[in-house]
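*Asks:* turn this into a structure:
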Amino acid sequence: MTGASGESADPRLGLTVTHRRYVPYSHAHYGGNLVDGAYLLGLFGDVATEVLIRTDGDEGLFASYSDVQFRAPVLAGDVVEVTATITRVGRRSRELSFTALVVCRAEPARGPSAAAMLAEPIVAVTATGTVVAPPAA
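*Replies:* The predicted model follows:
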């Protein structure tokens, strides 16, 4: 695949890494078992680390977010699916698109340990960020 300038598309573009994690009740930070947004940003950091390990053989560093949108609450007892996709590759920088989906949710009205898979995942957080790989050796 080549771009308009005749350059080959970087094979790292579009690489996607996904993690799933149960959100324990110990992470509830606000009333109603609401989890703070920083928890999800930490998960974005984890998935970004795996992206850089796969593409650059190093954990690299998270440089910045250019956009973060908190779209729906994340609650203790949820299972979240966090995805990072490479959208741009620079010499050392990689721009990533992030999504956090709630895929399971606790159902305390049915019982203290009841939960269910959601028929439609809930988009909880989206973001765009930049990570930086170390100089090639």
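*Asks:* who are the packing partners of the worst-scoring helix or strand of the chain on mean pLDDT?
*Replies:* Using mean pLDDT, DSSP states H and E, strand 28-30 stands out as the lowest-scoring helix or strand of the chain, at a mean of 91. Under the contact criterion of 3 or more CB pairs under 8 Å, 6 or more residues apart in numbering; DSSP states H and E, strand 28-30 touches strand 34-35. Quick note: C-beta positions are derived from backbone N, CA and C, even for glycine.
*Asks:* I'd like the next helix or strand past the strand it packs on.
*Replies:* Heading C-terminal from strand 34-35, the first helix or strand you meet, by DSSP states H and E, is helix 37-56.
*Asks:* contacting residues around that following helix?
*Replies:* Applying CB atoms under 8 Å, 6 or more residues apart in numbering, the external contacts of helix 37-56 come out as 12, 15, 17-19, 21, 23, 27, 29, 58-60, 62, 65, 68, 70, 74, 80, 82-84, 86, 94, 96, 98, 100, 124-125, 127, 129, 131, 133-134.
*Asks:* filter those residues to the buried ones?
*Replies:* When neighbours are counted using 16 or more other CB atoms under 10 Å, these contain these buried positions: 15, 17, 23, 27, 60, 62, 74, 80, 82-84, 86, 94, 96, 98, 100, 124-125, 127, 129, 131, 133.
*Asks:* any idea of the angle the longest strand along the chain forms with helix 37-56?
*Replies:* In the chain, taking DSSP state E as the definition, the longest strand is strand 115-132. Counting by axes from the mean of the first three to the mean of the last three CA atoms, to 10 degrees, strand 115-132 points 60 degrees away from the direction of helix 37-56.
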